[in-house]
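Undergrad: got a predicted structure plus its sequence, pasted below:
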Amino acid sequence: MSYDLVIKNGTVVTAVSSTEADIGINGEQIAAIGQNLSGKRELDATGKLVTPGAIDVHVHLEMPIGDFTSADDFYTGTRAAAFGGTTTIIDFIETAPEETMLAALAARRAKADPKVLIDYGLHMTIGPRDINKLEQIPAVYAAGCASFKLYMAYGLRLHDGQLWQALTAVREVGGMPVVHAENWDVICALIAENLAAGRVEPHWHPRSRPALLEGEAAGRVIDIADFVGTRLYVFHVSCQETVAQIAAARRRGLPIYGETCPQYLLLDWQLYDRPGVAGALPVCSPPIREKAQQKALWRALAQENLQVVSTDHCPFTLAEKESGLGDYSTIPGGVPSIEIRFPAVYQRGVQSGLLTRNQWVAACCTRPAQLFGLQKKGDIAVGYDADLVIFDEKRPFTISPDSLHEAAGWTLYDGMAFQGWPQTTLSRGEIIVDDGELLAQPGRGRFVRRTF
Ligand code: URP
Ligand code: ZN
Ligand code: ZN
């Protein structure tokens, strides 16, 4: 039998195994995994790893925040993702005040569909104005939005009673609630105190958002989820204090999950002390913490108290970041890493012996699919989408704004030298990036209806 495409002689790495095998692809799906397969077209992966396409369940592309819109749109963001080995993303929907959730879903899809290079899903945000729309959740779930974003911070912040209402509604459909956990009241008080005292520099950003109270907020929403009887996924865990809450809940047998991001795993809060705009660039929330927190987060990944590494990719331009220099609380929050995430976890995790290759694949590919209802993605198995990466462990790559394809024009990882980078990225059997060359057209990506 001859397949449409065969990836030959690679080391096939999944969340549970590493084997020397060929992968046969027919059309968009994996048709066979075995020895001596032949195809109409063949890619030689001798000496390389073959992994599932990576999945980033937390990105904000062309997302309006206050007066700004995040710098990567659905084209540049998914292009950068593809170069970094990511083949599926999950972005967000926010409703306008009088808009139904289904109308907001249609509007977001209309923005994304013509531009996306890779497949994508959408989380539905439930803000305070959406509490009177909770009866729309079953229709949204049926339309393929299987996860629901709840904020404990910013203007979209839900109070505890509203969290209870929203979690109850999501539980009713069997969806996955995801939460931004911080203590907003204390953050507002600390910012006000700092500004009144003339402490306006980015140095004060992490000091206004204490790790202890990120943990407190996470523990509180975990307890509400426990009371409601729902699972819960905690976004962008930045510190040991939040890990401890998730780990304790899991020890109690609760279905509580968490992710962290490259900015928390690779960087530390000294970046906020860089002069001028350089100190503003790393502003994101939760903030980047002390260096000692990195070790705790890697350990949590290795021990599976955190399950996923996503990015929270939400870049703003240098000028936009600079605009908040006189008052750190007005710097638009968010940082880019959509392109570097998969190789960065390999570099700092696998190369340093903190994670096995299988744990790397689990955290970046397989668990994201399992936890977010991506039924045919995140693994290498017959019948799965042929979303695959040929990963060259020996390929050197020095990070710089010029070597990346992100739109922000800056990166917090500038100058870092990686050993190991994706050589080829395939999405549903199509080679979309090969040896640094983009081969795909905008609009080829698809909205993925997710379900549990
Ligand atoms: O600062 C951040 N993280 N911006 C993106 C929005 C969010 O909180 O996830
Ligand atoms: Zn957030
Ligand atoms: Zn986010």
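TA: Done, it's in. Ligands and ions are numbered 1, 2, ... in the order given.
Undergrad: how about the residues of the stretch 201-350 of the chain by ligand 1?
TA: Contacts of the stretch 201-350 of the chain with ligand 1, taken as CB under 6 Å from any ligand atom, map to 284-285, 312, 314, 333-334. In short, each C-beta sits where N, CA and C put it, glycine included.
Undergrad: which one is the residue of the stretch 1-150 of the chain found nearest ligand 1 nearest to, not counting chain neighbours?
TA: Nearest residue of the stretch 1-150 of the chain to ligand 1: residue 60, at 5.4 Å (CB to the nearest ligand atom). Spatially, and ignoring its direct neighbours in sequence, residue 60 is nearest to residue 314 (3.9 Å; CB to CB, 6 or more residues apart in numbering).
Undergrad: quick one: pLDDT of the one you found?
TA: We have a pLDDT of 98 for residue 314.
Undergrad: list, one by one, the residues from the stretch 51-200 of the chain near ligand 1.
TA: Residues of the stretch 51-200 of the chain lying near ligand 1 (CB under 6 Å from any ligand atom): 60, 180.
Undergrad: mind showing which ranges of the stretch 51-200 of the chain have poor pLDDT?
TA: The stretch 51-200 of the chain contains no residues with pLDDT under 70.
Undergrad: helices of that one, start to end?
TA: 74-83, 101-112, 137-142, 160-173, 184-196 (DSSP state H, counting those that start in this stretch).
Undergrad: can you put the ones you listed in a markdown table and add mean neighbour count?
TA: As requested, the helices of the stretch 51-200 of the chain are arranged in a markdown table below (neighbours: other CB atoms under 10 Å):
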| stretch | mean neighbour count |
| --- | --- |
| helix 74-83 | 27 |
| helix 101-112 | 18 |
| helix 137-142 | 18 |
| helix 160-173 | 19 |
| helix 184-196 | 16 |
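Undergrad: stretch 316-332 spans what distance, first to last residue?
TA: Stretch 316-332 has an end-to-end distance of 7 Å (CA to CA, to the nearest Å).
Undergrad: ugh, wrong one, I meant stretch 59-71
TA: Using CA to CA, one end of stretch 59-71 lies 12 Å from the other.
Undergrad: any idea which of the residues of the stretch 201-350 of the chain next to ligand 1 has the most stuff around it?
TA: residue 312 (27 neighbours; other CB atoms under 10 Å).
Undergrad: and the pLDDT for the closest residue to ligand 1 within the stretch 151-300 of the chain?
TA: Using CB to the nearest ligand atom, the single residue of the stretch 151-300 of the chain nearest to ligand 1 is residue 284, 3.7 Å away. Predicted confidence (pLDDT) for residue 284: 98.
Undergrad: now the strands for the stretch 151-300 of the chain?
TA: Assigned by DSSP state E, counting those that start in this stretch, the stretch 151-300 of the chain shows strands spanning 176-180, 232-234, 256-260.
Undergrad: just checking, what packs against the last one?
TA: Packing partners of strand 256-260 (3 or more CB pairs under 8 Å, 6 or more residues apart in numbering; DSSP states H and E): strand 232-234, helix 240-251, helix 292-302, strand 308-309.
Undergrad: tell me what the shortest one is packed against?
TA: Packed against strand 308-309 by the contact rule (3+ CB pairs under 8 Å, 6+ apart) you find strand 256-260, helix 367-371.
Undergrad: same thing but at 10 Å, please
TA: strand 54-56, strand 256-260, helix 262-266, helix 292-302, helix 341-345, helix 367-371 (3 or more CB pairs under 10 Å, 6 or more residues apart in numbering; DSSP states H and E).
Undergrad: strands paired with the first one, and their directions?
TA: Its sheet considered, strand 54-56 pairs with strand 86-93 (parallel) by DSSP bridges.
Undergrad: what residues sit buried inside stretch 252-261?
TA: 254, 256-261 (16 or more other CB atoms under 10 Å).
Undergrad: taking those residues, tell me the two that lie furthest apart.
TA: 254 and 261 (22.9 Å; CB to CB).
Undergrad: let me see the contact set for the closest residue to residue 349 other than its chain neighbours.
TA: Closest residue to residue 349 apart from its sequence neighbours, by CB to CB, 6+ apart: residue 355 at 3.7 Å. Residues near residue 355 by CB atoms under 10 Å, 6 or more residues apart in numbering: 298, 301-302, 309, 345-346, 348-349, 361-364.
Undergrad: kindly recompute the last result at 8 Å.
TA: 298, 301-302, 345, 349, 363 (CB atoms under 8 Å, 6 or more residues apart in numbering).
Undergrad: now for those residues, which pair is the farthest apart?
TA: 302 and 345 (11.7 Å).
Undergrad: quick one: which of those two has more around it?
TA: Between residue 302 and residue 345, counted using other CB under 10 Å, residue 345 has the larger neighbour count: 26 against 16.
Undergrad: Provide a list of residues in contact with the more buried one.
TA: Residues counted as contacts of residue 345 (CB under 8 Å, 6+ apart) are 262, 265, 309, 355, 360, 363-364.
Undergrad: counting residues, which helix of the chain comes out longest?
TA: For the chain, the longest helix by residue count, based on DSSP state H, is helix 211-228.
Undergrad: which neighbouring elements make contact with that one?
TA: Using 3+ CB pairs under 8 Å, 6+ apart, helix 211-228 is in contact with helix 160-173, strand 176-180, strand 232-234, helix 240-251.
Undergrad: from the chain's centroid, how far away is the third one?
TA: Put plainly, it is strand 232-234. Taking CA atoms, centre = their mean, to the nearest Å, one finds the center of strand 232-234 at 13 Å from the center of the full chain.
Undergrad: contact partners of that strand?
TA: Contacts of strand 232-234 (CB under 8 Å, 6+ apart): 147, 167, 176-179, 181, 218, 221-222, 225, 242, 246, 255-259, 371.
Undergrad: ok, the first one next?
TA: Under the criterion CB under 8 Å, 6+ apart, residues 126, 128, 131, 134, 137-138, 141, 148, 150, 152, 158, 176-177, 179, 220-221, 224-225, 227-230, 232 lie in contact with helix 160-173.
Undergrad: go on, stretch 431-451?
TA: Contacts for stretch 431-451 (CB under 8 Å, 6+ apart): 43, 75, 78-79, 82-83, 87-88, 109, 112-122, 141, 143-147, 372-375, 377, 422-427, 430.
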